[in-house]
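Peer 1: Please find the sequence and the predicted model below.
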Amino acid sequence: MILASIPSPAQGVWHLGPLPIRAYALCIILGVVVAIWLGEKRWVARGGKPGQVGDIAIWAVPFGLVGGRLYHVITDWRLYFGEGKEPITALYVWQGGLGIWGAIALGGVGAYIGSRRYNAKFLPLADALAPGIAIAQAIGRWGNWFNQELYGRPTTLPWGLEIDQEHREEGYEDPNLLFHPAFLYEFVWNLGVAGLVIWADRRFRLGYGRAFALYVMGYTAGRGWIEYLRIDEVQGSDVFGLRLNVWTSIVVFLCALGFFLWSRRKHPGREEQVLRVPEPVEA
């Protein structure tokens, strides 16, 4: 039997008594666990102390969740503050809606605070975490599948995605329509980015933030074309014919490329010491 389309789940929430178990949240949690596990292995291999990544994650993960939700709410404010909307739902993070740009930005702030507290150098820490973050994003995209979101324009390809009527954008009510599974494209792309970073890090001994910059370049290159497939209008108005997140991908890619080139020229090679020397305490 050849699969003619990709079905969408009938539900994304199960109830354990009064407790709702949401697939979106489970995917996010699983992604975080994998990122910490892989980041820990890479960090220890670089010379870091066992357990440090988990300690730093206590700072980075909450900051990242807040940042991701803030970015989503700011760019999609009409979903929560438009006419007939309920502003309190802006806090319902378990229903989906996390902007990766805000998650990485504020998550980075949390990781920096944690690295200072636990005497870890920030740039080699970022390099150690980079592929795990990409894998976490890949796993998290399956939460979009359960929520029937993050899909692209109609397609006749055999891997077209089925979307229930209540989750469709206006103008796409034809029951025979199938859609590009943008969530699946990003899942595969992010796994490829993680593999690229791991390979390049081993082959070229990337240091001083270059592995993280490579992850950012790889992710934004994919996000740009995947974003272009999407048909929903909740990601901001078009700017000069391109979606807001496409422009964001272009700008972030160029910034990461600039940092990569600057770092290679300024700090060739890799750090030999990844732990900070604690400042002496005055008597």
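Peer 2: It's in.
Peer 1: so what's the backbone phi/psi at Leu275?
Peer 2: phi -110, psi 140 (degrees, to the nearest 10).
Peer 1: Ile250 versus that one, what's the distance?
Peer 2: 36 Å (CB to CB, to the nearest Å). Heads up, the C-betas are built off the backbone N, CA and C, glycines and all.
Peer 1: which of those two has more neighbours?
Peer 2: Neighbours of Leu275 and Ile250, each counted by other CB atoms under 10 Å, are more numerous for Leu275; the result is 18 against 15.
Peer 1: who are the neighbours in contact with that one?
Peer 2: Gly47, Gly48, Lys49, Asn119, Ala120, Lys121 (CB atoms under 8 Å, 6 or more residues apart in numbering).
Peer 1: which residue packs closest to the fifth one, ignoring adjacent ones?
Peer 2: What that stands for is Ala120. The shortest distance from Ala120 to any non-neighbouring residue, by CB to CB, 6 or more residues apart in numbering, is to Gln52 (5.7 Å).
Peer 1: Just confirm that neighbour contacts Lys121, I think it does.
Peer 2: No: using CB atoms under 8 Å, Gln52 is not in contact with Lys121; the gap is 11.0 Å.
Peer 1: out of the two, which sits in the busier spot?
Peer 2: Gln52 (22 against 19).
Peer 1: In contact with that one, which residues?
Peer 2: By CB under 8 Å, 6+ apart, the neighbours of Gln52 are Glu40, Trp43, Tyr118, Ala120.
Peer 1: Could I get the pLDDT score of the second one?
Peer 2: It stands for Trp43. Looking at Trp43, its pLDDT reads 97.
Peer 1: Please apply the same query to the third one.
Peer 2: At Tyr118 the predicted local distance difference test score is 95.
Peer 1: residues contacting it?
Peer 2: By CB under 8 Å, 6+ apart, the neighbours of Tyr118 are Lys49, Gln52, Asp55, Ile56.
Peer 1: The first one too?
Peer 2: Counting by CB under 8 Å, 6+ apart, Glu40 touches Pro50, Gly51, Gln52, Val53, Gly54.
Peer 1: Apply 10 Å and report the result again.
Peer 2: Listed by CB atoms under 10 Å, 6 or more residues apart in numbering, the contact partners of Glu40 are Gly48, Pro50, Gly51, Gln52, Val53, Gly54, Ile56, Ala57, Ala128, Leu129, Gly132.
Peer 1: which residues of the stretch 151-283 of the chain fall in helices?
Peer 2: Secondary structure of the stretch 151-283 of the chain by DSSP state H, counting those that start in this stretch: the helices cover 182-204, 210-229, 244-266.
Peer 1: Tell me the gap between the second one and the middle of its chain.
Peer 2: The gap between where helix 210-229 is centred and where its chain is centred comes out at 10 Å by CA atoms, centre = their mean, to the nearest Å.
Peer 1: same thing with the first one?
Peer 2: With CA atoms, centre = their mean as the basis, the distance from the averaged C-alpha position of helix 182-204 to the chain average is 13 Å.
Peer 1: what's the answer for the last one, then?
Peer 2: Centre-to-centre, helix 244-266 and its host chain are 17 Å apart (CA atoms, centre = their mean).
Peer 1: same check, this time on stretch 259-276
Peer 2: 25 Å.
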